[in-house]
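Enquirer: Starting from these lines, generate the structure:
(2 chains)
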Amino acid sequence: MIQYLVRRLLWAIPVLLAIMVVTFFLARAIPGGPFDFRGDKQIPETIRKNLERKYGLDLPLHQQLGRWIWDAIRFDFGPSYASRSQTVTDILKRTFPISFQLGVLALLFALCIGIPMGTIAAVKQNTIVDYGATFAAILGVSMPTMVTGPLLMWVFALILGWLPAARWGTDYTQLYLGFFPNLLSGKFWLHAILPSLTLGLAYSASIARLTRASLLQVIREDYIRTAYAKGLPGRRTVILHGLRNSLIPVATVLGPMFAGIVTGSMIVEQIFGIAGMGKYFVTSVTNRDYPMIMGAVLLYSVLLVGANLLVDVSYAWLDPRIRYD
Amino acid sequence: MALQKRTMGANGEMRGRSPTQDAFRRLFRHRAATVGAIYVLLLVIVALFVDTTIPAAIFGGEARPLIAPKHFAEVSFFERDLPPGTPGFPLGTDYLGRDILSRTLYGTRVSLAVAIVAATVALIVGLTYGVISGFAPSGVDNAMMRFVDFLYGFPLLIFIILMQALFKAVSRRGATGFVGMMVGIDKALGGMFFLFVALGILNWIGMARLARGQTLSVKQKEYIESARALGASNLRIVFRHVLPNIIGPCIVSETLAIPGYILTEAFLSFIGLGVTPPTPSWGLMISETYQGLRTYPWETLIPGAALATTTLAFNFLGDGLRDAFDPRLRGT
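Expert: Numbering: from 1, shown residues only, chains lettered A, B, ... in the order given. The predicted structure is shown next:
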């Protein structure tokens, strides 16, 4: 197991390096520089040259790349070109916890809705409950966040007025250790419900579909029949013996799903006006804010690699037959 | 397919049905899939004939709106933000006085074109890569699959965003030669061409894995062995025996991927890296109007409904196709 983990972590290094190199050249290939302002904001040629020299943009590309990778390893991306008073690390420290909270809550919503729904549908296979749940799931998969977001906001915030329509409940100044929200504050939860539900809904639907399918296969296995034959009550058999084994395919998709949630949060953050990382990433691309692009892409990639690793490790826990040697 | 199922006909003679025929019979017995297929067919008709671009291209003349009541970019200063049901504007108008019904109908074109072209590109590239990898000697196969694993670790959507930013900036700046030709095509298609490229280049990975797995399993079958014994060349084996047997699952998996392409297009247009305004895309329409949700909800919800029903129809169709081609997977 340890050996496997080390091997996977070592494999992640070339992947991350390649991502950084490709990002660097893609970002650089985009015509226009960070200090090419137009109109009133246009700055004289000499000042632009000086600014570019200050940030090392006049060096040969391979030197810039080398410096960049070296800085990135120490998680020091330098100042953001778009708002030069703060470093990229500052911006990420402020915005990433909020995106992360949103993502984790969405994933929790997805699991808490998806797994029970899939289980009920599988247990009551081919009944009206099953058909209803299956239809709801396919509907949920088909609704993108840019449709559910405005729809939920319109119904619950604007018409009914039950929930706040926008913003995140905590400010970065109110986070414990700079990361954790105050879970006891009602304001946090009231603000969190709509965005995380929006983000989690589509994923809950696909989790429900997967749970149902794999539970249906597991229920037919011999050991489930044995458990029934021993006289175990039905509900206990399904949940204790069946569900755990049927969650393996669900765990498989959680890795890519987490990546989807993190990037999907870009839209939710825009619709609900949340100052998260996705919004900064999108504007950094249009602003040619190279350090911000590099920092955000690296963080996203580390998250993706980490999520995939976590999923692979969780197999061994869910299915003791799987061994990594 | 050499093997055919034998069934007794009504008057006792033997008649055969191929597995593909079987699959289509199962597909049309699947009610939701049939509804999905009909809806998709309607969308295709709308996309083709929303205006007279195609007849105009063949017979000459101006492209005029055909199914859509108005042109998508027809602005009207005095008819802004009208609610649905206003005479002349069945679904109302947006913040520039453009007819929402027409824009939604035109939006079909972008969504379907991007989805179908991206799926086709991914299918062709992935299938070629997968079959070559499955047939290559194990050293080459290993190297090709390591490369796929390598790409699998990449955050694809982020690279699509960066590539689109690159393409759009190049297109704004203008270019010469080959790149200039591509920019020209892209301008003519309202910004769709680069979407095809970005989505197609990066989405073949899953297909390559599937095609390789299928090739490897088909390669073991007796009929391949007998073809080889009869002296068939590799090329003939691939085209006569392998491809026909693996194409079904590959097409099904690509159909299931289509909603994903539609949503990616909508996502890119939403963040301003998709089609070029005023070309109507549902994602763009939503992003232009969601801030006015409180006052003008229909401007956001109508393109949203179009987007959701389209992906729903493709999901129904994809599910039905999968059930039909692989009955073991029914209901998953």
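Enquirer: what ranges of the chain fall below the confidence cut-off?
Expert: I'll assume chain A. Where chain A drops to pLDDT under 70, the residues are A:36-41, A:169-178, A:184, A:186, A:263, A:319-320, A:322-325.
Enquirer: actually it's chain B I care about, not the one you picked
Expert: B:1-20, B:61, B:326-332.
Enquirer: Strands of that one, start to end?
Expert: B:5-8, B:14-17 (DSSP state E).
Enquirer: Give me the nearest residue to residue B:134, chain neighbours excluded.
Expert: Nearest residue to residue B:134, sequence neighbours excluded (C-beta to C-beta, 6 or more residues apart in numbering or on different chains): residue B:215, at 2.9 Å. Just so you know, the C-beta spots here come from the backbone N, C-alpha and C atoms, and that holds for glycine as well.
Enquirer: Pretty sure that neighbour sits against residue B:129.
Expert: No: at 10.7 Å, residue B:215 and residue B:129 do not qualify as touching, with contact defined as C-beta atoms under 8 Å.
Enquirer: right, and the helix or strand after the lengthiest helix in chain A?
Expert: When chain A is scanned for its longest helix (criterion: DSSP state H), the result is helix A:88-123. For helix A:88-123, the succeeding helix or strand toward the C-terminus, using DSSP states H and E, is helix A:128-142.
Enquirer: Other residues contacting the next helix-or-strand element following that next one?
Expert: Beyond helix A:128-142 on the C-terminal side, the first helix or strand identified by DSSP H and E is helix A:145-152. Applying C-beta atoms under 8 Å, 6 or more residues apart in numbering or on different chains, the external contacts of helix A:145-152 come out as A:194-195, A:197-199, A:201-202, A:264, A:267-268, A:271-272, B:266-267, B:270, B:283, B:286-287, B:290, B:293, B:297, B:300-301, B:304-305, B:307-308.
Enquirer: What about these, which are in helices?
Expert: A:194-195, A:197-199, A:201-202, A:264, A:267-268, A:271, B:266-267, B:270, B:283, B:286-287, B:297, B:300-301, B:304-305, B:307-308.
Enquirer: circling back: buried ones in the longest helix of chain A?
Expert: Neighbour counts over helix A:88-123 (16 or more other C-beta atoms under 10 Å in any protein chain shown) mark A:88-89, A:91-92, A:94-103, A:105-107, A:109-111, A:113-115, A:117-123 as buried.
Enquirer: any bit of stretch A:104-118 sitting next to chain B?
Expert: No: against chain B, stretch A:104-118 shows no contacts by C-beta under 8 Å from any C-beta of the partner chain, the least distance being 11.0 Å.
Enquirer: got the CA positions of that stretch in CSV?
Expert: Taking Å, rounded to 0.1, in the frame of the first residue of the first chain, the C-alpha atoms of stretch A:104-118 are listed here in CSV:
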residue,chain,number,x,y,z
VAL,A,104,-17.5,20.1,-0.2
LEU,A,105,-21.1,21.1,0.7
ALA,A,106,-22.2,20.4,-2.8
LEU,A,107,-20.6,17.0,-2.7
LEU,A,108,-22.2,16.3,0.7
PHE,A,109,-25.6,17.3,-0.7
ALA,A,110,-25.0,15.1,-3.7
LEU,A,111,-24.1,12.1,-1.6
CYS,A,112,-26.9,12.7,0.9
ILE,A,113,-29.6,12.9,-1.8
GLY,A,114,-28.1,10.5,-4.3
ILE,A,115,-27.3,7.4,-2.3
PRO,A,116,-30.6,7.1,-0.4
MET,A,117,-32.5,7.8,-3.6
GLY,A,118,-30.6,5.2,-5.6
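Enquirer: Let me see the residues that make contact with that stretch.
Expert: A:133, A:136-137, A:192, A:195-197, A:199-201, A:203-212, A:215, A:243, A:247, A:250, A:254, A:257-258, A:261, A:265.
Enquirer: Chain B next: which of the residues you listed are close?
Expert: A:209-210, A:212.
Enquirer: What degree of burial does the residue nearest to residue B:134 show, as a neighbour count?
Expert: By other C-beta atoms under 10 Å in any protein chain shown, the residues close to residue B:215 number 22.
Enquirer: In three-state terms, label the residue nearest to the spatial centre of chain A for me.
Expert: When C-alpha atoms, centre = their mean is applied to chain A, the residue found nearest the centroid is residue A:262 (2.2 Å). Following DSSP: H, G, I helix; E, B strand; the rest coil, residue A:262 is assigned to helix.
Enquirer: where does the closest residue in space to it that isn't next to it in sequence sit relative to residue B:251, distance-wise?
Expert: Closest residue in space to residue A:262, ignoring its immediate chain neighbours: residue A:103 at 5.4 Å, by C-beta to C-beta, 6+ apart. Distance of residue A:103 to residue B:251, given as C-beta to C-beta, to the nearest Å: 34 Å.
Enquirer: One more: residue A:162?
Expert: 46 Å.
Enquirer: More neighbours: those two, which one.
Expert: Taking neighbours as other C-beta under 10 Å, residue A:162 and residue B:251 compare with residue B:251 leading, 15 against 11.
Enquirer: Contacts only, for that one.
Expert: B:123, B:321.
Enquirer: can you pull the contacts of the most centrally placed residue in chain B?
Expert: In chain B, the residue lying closest to the centroid (C-alpha atoms, centre = their mean) is residue B:115, at 2.4 Å. By C-beta under 8 Å, 6+ apart, residue B:115 lies in contact with B:258-259, B:261-262, B:265, B:314.
Enquirer: Residue A:183 belongs to a strand?
Expert: No: assessed with three-state DSSP, residue A:183 is coil; it does not lie in a strand.
Enquirer: Lovely, talk soon.
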